[in-house]
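**Student:** What follows is a predicted protein model with its sequence.
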Amino acid sequence: MNYPSYVFYSNQNSTEFFFESIGSKGVINKVIAFQETSFAGIYNLALGDINPLTNEVDDTVVTDNGDTEKILATTFQIVNHYFSLFPHHQIYFSGNSPARNRLYRIAINHSFYALDSIFELFGVMNNELEPFVSTRPYQAFLIRKK
């Protein structure tokens, strides 16, 4: 996936990655956090904005900064980097709405061949995991390194 992305940095244990979204609404500090789930080896990916007043992460906000493609490309770069550090982890993610999940499905479809060459891609529907199908609406997604 060779799209422009933002420069990012991580915390010491590489569970949080930080970058700046630069767009029509200015500079917005973003974070991608990998959090262990109750399932062994599966880590939740959370993407959110850092509130400049409270320093808390909000993963429900719709930033609409006009740089969605660059944020998705940065997320891909971070996921790829994360897998280079933790190749046996699996990453689970879902949007906070059906519209956000649709956006993620479209993004996966758009770069499917590049993603499929290095990741195993799955969709989750009604708690059932299946190989990713481009036309199916999913409630969540799971990826792992090939």
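**Tutor:** Ah, there it is.
**Student:** Quick check: mean pLDDT of the lengthiest strand in the chain?
**Tutor:** Secondary structure of the chain per DSSP state E: the longest strand is strand 26-36. Regarding strand 26-36, the rounded mean pLDDT is 95.
**Student:** same question, stretch 43-58
**Tutor:** 89.
**Student:** got the end-to-end distance for that stretch?
**Tutor:** This stretch, stretch 43-58, spans 19 Å end to end (Cα to Cα, to the nearest Å).
**Student:** Quick one: classify the residue nearest the centre of the chain as helix, strand or coil.
**Tutor:** Nearest to the geometric centre of the chain sits T75, at 5.0 Å (Cα atoms, centre = their mean). Under DSSP: H, G, I helix; E, B strand; the rest coil, the three-state class of T75 is helix.
**Student:** how much space is there between it and T135?
**Tutor:** 23 Å (Cβ to Cβ, to the nearest Å). Where C-beta positions appear, they are placed from N, C-alpha and C, glycine not excepted.
**Student:** low-scoring pLDDT stretches of this protein, where are they?
**Tutor:** For the chain, applying pLDDT under 70 flags the ranges 1-2.
**Student:** Report the next helix or strand after the longest strand of the chain in sequence order.
**Tutor:** Past strand 26-36, further along toward the C-terminus, the next helix or strand under DSSP states H and E is strand 42-50.
**Student:** ok and that next one relative to strand 26-36, angle-wise?
**Tutor:** 160 degrees (axes from the mean of the first three to the mean of the last three Cα atoms, to 10 degrees).
**Student:** Which phi and psi values does the most far-flung residue of the chain relative to its centre adopt?
**Tutor:** Here the centre of the chain is the reference, and by Cα atoms, centre = their mean the most remote residue is L53, at 24.4 Å. With angles defined as degrees, to the nearest 10, L53 sits at phi -90, psi -40.
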